[in-house]
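*Asks:* take this sequence and fold it.
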Amino acid sequence: MSSQDIDVSFVMTVYNKEYYLPSVLKALLNQSGVKNPEYIFVDDVSSDRSIEIIREATKGVPNVQIVVNEKNQGISRNTNKAIALAHGEYTRLLDSDDIFPLDSTEILLDLAKSNHADMVYGCFTKTGEEPEELTNRKTGDFTYKYYPDALDGVLHNRFIRMGQLIKTSVLQTSGGADERVFIQDESLPLRVAMKAQGAIKMSANVVLVPKEKGNFSGNKLQLDNDRFMAYYFALADNKDTLPKDKKALMYKRAVSAYWKMVKKTHKFPYLHWGFGKYLYVRLFKPQPHFYTLQKMYGRFMGLENIRR
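*Replies:* Below is the predicted model of the structure:
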């Protein structure tokens with residue numbers, strides 16, 4: 001197969017999602033406007049029926065790759081494993097507990113092509129509904145904004161959650177998710193934007209989140225940790241090449257994540273030095289202070305019950 005054969009590669013990592021998968025796969029396999037899709041699944045040693053459900057749902061479907069790990073590798077590593085296998089001109093990533101509106105891929109693909117954008121993101125909504133209630137939804141009306149500077153777009157908007165459409169060559173060149181960060185929601189768009197030519201953010205919900213049961217998003221400290229780490233490593237890896245305005249914004253994001261952690265873990269957070277640092281970066285937009293970032297990094301690394 002080649003990128004000329006496949007128009008969109010759908011990639012999904014899976015770990016114990018049997019409750020969601022029948023509905024997720026129903027919506028996925030019925031996406032409109034895709035001529036010759038490819039489906040890539042990486043199962044991270046699920047102990048439930050996840051892999052059987054995928055095999056049953058995709059039986060007879062062309063261009064399906066199913067990878068079953070022998071040992072647990074985590075979300076970011078598995079995401080990159082799936083990305084490396086993609087042949088499509090574009091790749092759309094999804095979480096195994098999220099549901100796509102039926103016309104969402106068609107809309108994302110049209111926006112990418114008509115605007116020559118390497119990455120297109122929409123919004124998501126937590127519906128609180130059962131998965132099977134969401135499988136026939138459509139996107140609805142929307143507006144969008146094109147950012148010729150993709151990194152500027154990512155840093156000024158919420159380019160998070162899975163469901164985005166990205167030019168596969170750019171996604172693979174960027175290295176995908178940062179494997180030093182467990183959850184990829186923040187690191188992946190940040191790294192891709194450094195390589196992308198043009199980004200679009202649209203107002204519509206292209207991801208519908210069903211009633212949540214035991215998701216990592218319930219661990220708010222994990223989210224704070226992974227958000228900080230995404231910006232910490234991006235700054236450390238690119239401190240000599242990033243423009244000053246971008247470094248200031250990324251530093252602000254990192255300090256903000258640290259402050260959120262402090263509020264959750266300290267009895268008197270407003271007496272902690274992190275509050276003063278948070279106010280300082282919001283008011284003055286300074287350049288990154290790497291001694292401070294390393295101090296924050298050490299505090300995060302000392303947290304318990306954080307997946308790495």
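*Asks:* strands along the stretch 51-200 of the chain, start to end?
*Replies:* Ranges of strands within the stretch 51-200 of the chain are 64-68, 90-95, 119-126, 144-147, 165-167, 199-209, based on DSSP state E, counting those that start in this stretch.
*Asks:* relative to Lys81, which of those is closest?
*Replies:* Closest to Lys81 of those is strand 64-68 (CB to CB; 6.5 Å). Backbone N, C-alpha and C define where each C-beta goes, glycine included.
*Asks:* state the mean pLDDT of the closest one.
*Replies:* Mean pLDDT, strand 64-68: 97.
*Asks:* give the partner strands of that strand in its sheet and their orientations.
*Replies:* When sheet partners are counted by DSSP bridges, strand 64-68 sits next to strand 38-43 (parallel).
*Asks:* which residue, other than its chain neighbours, is closest to the residue nearest the centre of the chain?
*Replies:* With distances taken as CA atoms, centre = their mean, the residue of the chain nearest its centroid is Asp185 (3.0 Å). Using CB to CB, 6 or more residues apart in numbering and skipping residues adjacent in sequence, the residue nearest Asp185 is Ile160, 4.6 Å away.
*Asks:* what's near enough to touch the one you found?
*Replies:* Neighbouring residues of Ile160 by CB atoms under 8 Å, 6 or more residues apart in numbering: 185-186, 189.
*Asks:* ok, it to Thr58 distance?
*Replies:* Taking CB to CB, to the nearest Å as the measure, Ile160 falls 28 Å from Thr58.
*Asks:* again, but for Ala199
*Replies:* With distances taken as CB to CB, Ala199 is found 31 Å from Thr58.
*Asks:* what does Asp5 give?
*Replies:* Separation of Asp5 from Thr58 (CB to CB) stands at 18 Å.
*Asks:* same check, this time on Arg92
*Replies:* Using CB to CB, Arg92 is found at 16 Å from Thr58.
*Asks:* and Cys219, how close does it get to Leu134?
*Replies:* No Cys there; residue 219 is Asn. Taking CB to CB, one finds Asn219 at 24 Å from Leu134.
*Asks:* same check on Lys126?
*Replies:* Distance, Lys126 to Leu134, using CB to CB: 11 Å.
*Asks:* who has more neighbours, the two?
*Replies:* Neighbours were counted for Lys126 and for Leu134 using other CB atoms under 10 Å; Leu134 has more, 21 against 13.
*Asks:* my guess is the more buried one contacts Pro210. True?
*Replies:* Yes. In terms of CB atoms under 8 Å, Leu134 counts as a neighbour of Pro210; the distance is 6.0 Å.
*Asks:* overlap of the contact sets of those two?
*Replies:* When contacts are counted by CB under 8 Å, 6+ apart, Leu134 and Pro210 are jointly contacted by 23, 99, 127.
*Asks:* quick one: low-confidence ranges for the protein?
*Replies:* Counting by pLDDT under 70, the low-confidence segments of the chain come to 1-4, 161, 214-218.
*Asks:* again, only using 90
*Replies:* Along the chain, segments meeting pLDDT under 90 span 1-5, 72, 157-163, 185, 212-219, 308.
*Asks:* what's the longest helix seen in it in contact with?
*Replies:* In the chain, assigned by DSSP state H, the helix with the most residues is helix 244-265. Here helix 244-265 makes contact (CB under 8 Å, 6+ apart) with 151-152, 155-156, 190, 220-221, 224-225, 227-228, 231-232, 234-235, 239, 242, 269, 272, 274-275, 277-278, 281-282, 285-289, 292-293, 296, 299-300, 303.
*Asks:* if we use 7 Å, what do you get?
*Replies:* Applying CB atoms under 7 Å, 6 or more residues apart in numbering, the contact partners of helix 244-265 are 151, 155, 220-221, 224, 227-228, 231-232, 234-235, 269, 272, 274-275, 277-278, 281-282, 285-288, 293, 296, 300.
*Asks:* just the CA atoms of that helix, as PDB, please.
*Replies:* The C-alpha coordinates for helix 244-265 follow below in PDB (Å, rounded to 0.1, in the frame of the first residue of the first chain):
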ATOM      1  CA  LYS A 244      11.000  34.100  21.900                       C
ATOM      2  CA  ASP A 245       7.200  34.600  21.800                       C
ATOM      3  CA  LYS A 246       6.600  30.900  21.500                       C
ATOM      4  CA  LYS A 247       8.900  30.100  24.300                       C
ATOM      5  CA  ALA A 248       7.100  32.600  26.600                       C
ATOM      6  CA  LEU A 249       3.800  31.000  25.800                       C
ATOM      7  CA  MET A 250       5.100  27.500  26.400                       C
ATOM      8  CA  TYR A 251       6.700  28.500  29.600                       C
ATOM      9  CA  LYS A 252       3.400  30.000  30.700                       C
ATOM     10  CA  ARG A 253       1.600  26.700  29.900                       C
ATOM     11  CA  ALA A 254       4.200  24.700  31.900                       C
ATOM     12  CA  VAL A 255       4.000  26.900  35.000                       C
ATOM     13  CA  SER A 256       0.200  26.900  34.800                       C
ATOM     14  CA  ALA A 257       0.200  23.100  34.900                       C
ATOM     15  CA  TYR A 258       2.500  23.200  37.900                       C
ATOM     16  CA  TRP A 259       0.200  25.600  39.700                       C
ATOM     17  CA  LYS A 260      -2.800  23.400  39.100                       C
ATOM     18  CA  MET A 261      -0.800  20.500  40.700                       C
ATOM     19  CA  VAL A 262       0.100  22.700  43.700                       C
ATOM     20  CA  LYS A 263      -3.500  23.600  44.300                       C
ATOM     21  CA  LYS A 264      -4.400  19.900  44.500                       C
ATOM     22  CA  THR A 265      -1.500  18.700  46.700                       C
END
